[in-house]
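S.K.: pasting the sequence and the predicted coordinates here, then a few questions.
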Amino acid sequence: MKLLKLAGVSLVVSVAAAAFNISASAQDAQPAQPAARQLTLDQVLQAVRRERSESSAENRAREERFARERNNQQAELGRVRGQVNAAEAEATRLEGVMATNQEEIDKLDQELADKQGEFQELFGAARSAAADLTAQIDRSLISAEYPGRSSELQEVAQTDTLPTETQLRYLWETFVQQIAEQAKVTTFPANVAQADGTAVSRDITRIGPFVAFADGRYLTYKPDQGLLAFLARQPAGSVTGAAKSVENYKGDGFVRGVIDPSLGTLLGLIVETPNLTERVSQGGSIGYLTLGLGALAFVWGVFRWFTLSGTASAVKSQMRRPKASKSNPLGRVIMAYEAVQNKNDPDAVASALDDAILKEIPKLESGLNLVKIVSTIAPLLGLLGTVIGMVITFQSITLFGAGDPQIMASGISVALMTTVIGLVVSIPLVILYAFASGAANRVTQMLEEQAAGIIAEHADGRR
């Protein structure tokens, strides 16, 4: 503060001195001015003193204000400290009260345990039974018909006090109801969850806690929503047919039905089990290539088999006709004999017949090699897919480790399914090739037998 005062005085003196110099210079340069406009040293001194007095008064007022604020802050600090001390004292008192109350609670608990005596073990068994029954009811199909049974049982299972007589009676009644409903086949209305998230009321047929179905389609129970829902994939036609039979049966007597003894686990596995299309897709491009080649070879093999069977029938018909025909191999062989039958050389006749038979054999065996080749390479393609699948599996193990089997499932699926597809394609083609080649061999054998008979007749005629 003193520095500010000295700086202010110095500034005023400097300004006054500068004004005095300017005035003196002006007096030297210009004509004299009237005396009233000149600033004397006494006036400058008075101005400096007046400024210093005003600054001192202002500083004193500021110091007084700071002092008042400091006193107020100290008073506020003292008040807050008093509140903190009071709160600490109250906390100490409450801790003492809590300790006293806890001692009283422990004493009362011990008194309660002493009075309960042997009933404590009995009610413990009741609470355990209520907990087990609650878990069973929550996931049971029977709860779809009788919802809300587990709320009161949960109170019995979770309470720390003795169950009331009403609660014990309800536990017993629920036990009996659950046992009785397991032997019933009932129909009741209930909401069924749809794929879009909505619920639609349907007439549900339930066989105990085992299965439930509506419109011939099996249902599964969702405990978290308290709703039934259709299985994403239904069982085989015979199983769904049995469900329709039970659903539509009226009157006394018995009807054949299907139940799930695992209470829904087996039906749930149907959704996870891949169908034929999904299994084929697991084979990948190798599987599709093998199936394509197999289908082509199978169709061609069946065509050739029927063609050869027709050719064998035509040859047998030719054997019963005296006139040769170009429409069958035997007729063409006979026509070849007729062209050389006038020759006296038996060897020439035999050669002509052999040449005619040799010309027919490629026609008979035409296309059968395709079936044979595909039946041979189909297992090799399956082996190729197996190797590719194992490479994929080892890559997955290298990247993610062997801790999760699902990571390796895709590679193993490729390895196994390509092998299965290769064998499935190869086995029928081998059987088909055997039948088709057998038909061709039978036709060839008949041609050779007829040729041998023709040669023998020709030789006897020449004698």
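M.R.: Good, I have the coordinates. Residues are numbered from 1 along each chain as shown.

S.K.: what about Asp42, neighbour count?
M.R.: Neighbouring residues of Asp42 were enumerated by other CB atoms under 10 Å; the total is 8. To be clear about C-beta, it is placed using only N, CA and C from the backbone, and glycine gets the same treatment.

S.K.: one more: Ala452?
M.R.: By the other CB under 10 Å criterion, the neighbourhood of Ala452 contains 12 residues.

S.K.: that's a helix at it, yeah?
M.R.: Yes. Counting by DSSP: H, G, I helix; E, B strand; the rest coil, Ala452 is located in a helix.

S.K.: pLDDT weak spots in this protein?
M.R.: Per-residue confidence of the chain (counting by pLDDT under 70) places the weak regions at 1-39, 115-120, 343-344, 402-408, 458-463.

S.K.: what segments of it are strands?
M.R.: Listed in chain order, the strands of the chain (DSSP state E) span residues 185-193, 199-207, 211-214, 217-222, 227-230.

S.K.: and those strands: which comes nearest Lys363?
M.R.: Taking CB to CB as the criterion, Lys363 comes closest to strand 217-222 out of the strands of the chain, the separation being 56.3 Å.

S.K.: need the contact partners of that closest one.
M.R.: Outside strand 217-222, the residues that touch it by CB atoms under 8 Å, 6 or more residues apart in numbering are 139-141, 143-144, 192-193, 204, 211-213, 227-231, 234-235, 239-240, 243, 264, 267-268.

S.K.: which members of these are classed as buried?
M.R.: Among the contacts of strand 217-222, those classed as buried by 16 or more other CB atoms under 10 Å are 140-141, 143-144, 192-193, 204, 211-213, 227-231, 234-235, 239-240, 243, 264, 267.

S.K.: now the strands of the chain as a markdown table including distance to Arg442?
M.R.: Converted to a markdown table, the strands of the chain look like this (distance: least, CB to CB, whole Å):
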| stretch | distance to Arg442 |
| --- | --- |
| strand 185-193 | 61 |
| strand 199-207 | 58 |
| strand 211-214 | 55 |
| strand 217-222 | 53 |
| strand 227-230 | 56 |
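
S.K.: nearest to Val80, out of those strands?
M.R.: Val80 sits nearest to strand 217-222 of all these, at 58.6 Å, using CB to CB.

S.K.: pairing partners for that closest one, with directions?
M.R.: strand 211-214 (antiparallel), strand 227-230 (antiparallel) (DSSP bridges).

S.K.: okay, those strands in TSV with distance to Met446 next?
M.R.: Output for the strands paired with strand 217-222, formatted as TSV (distance: least, CB to CB, whole Å):
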stretch	distance to Met446
strand 211-214	61
strand 227-230	62
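
S.K.: what's the closest of the ones you listed to Val258?
M.R.: Among those, if distance is taken as CB to CB, the winner is strand 211-214, at 7.0 Å.

S.K.: which residue is nearest the centroid of the protein?
M.R.: Nearest residue to the geometric centre of the chain (CA atoms, centre = their mean): Glu272, 10.1 Å.

S.K.: and the nearest residue in space to Leu432 that is not next to it in sequence, how far from Ile137?
M.R.: With sequence-adjacent residues excluded and distances taken as CB to CB, 6 or more residues apart in numbering, Leu432 is closest to Gly301, at 4.2 Å. In this structure, Gly301 and Ile137 are 61 Å apart, going by CB to CB, to the nearest Å.

S.K.: who has more neighbours, those two?
M.R.: Looking at Gly301 and Ile137 with other CB under 10 Å, you find the greater number of neighbours at Gly301, namely 25 against 21.

S.K.: quick one: residues contacting that one.
M.R.: Gly367, Leu368, Leu370, Val371, Leu429, Leu432, Tyr433, Ala436.

S.K.: got the contact list for stretch 332-345?
M.R.: For stretch 332-345, contacts defined as CB under 8 Å, 6+ apart pick out 318, 324, 326, 348-349, 352-353, 355-357, 359-360, 447, 450-451, 454, 458, 462.

S.K.: go on, stretch 268-275?
M.R.: The set of residues that contact stretch 268-275 without belonging to it, under CB under 8 Å, 6+ apart, is Thr220, Leu231, Ala232, Arg233, Gln234, Pro235, Gln282.

S.K.: mind checking which of those land in helices?
M.R.: Taking DSSP state H, the ones among the contacts of stretch 268-275 that sit in helices are Gln282.

S.K.: export the contacts of stretch 268-275 to JSON lines and tack on distance to Asn71?
M.R.: Compiled in JSON lines, these are given as follows (distance: CB to CB, whole Å):
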{"residue": "Thr220", "distance to Asn71": "79"}
{"residue": "Leu231", "distance to Asn71": "83"}
{"residue": "Ala232", "distance to Asn71": "81"}
{"residue": "Arg233", "distance to Asn71": "85"}
{"residue": "Gln234", "distance to Asn71": "89"}
{"residue": "Pro235", "distance to Asn71": "91"}
{"residue": "Gln282", "distance to Asn71": "88"}
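
S.K.: farthest pair in the contacts of stretch 268-275?
M.R.: Pairwise distances among these were taken by CB to CB; the largest, 25.6 Å, belongs to Thr220 and Gln282.

S.K.: could you measure from Trp172 over to Glu63?
M.R.: Applying CB to CB, the value for Trp172 to Glu63 is 89 Å.
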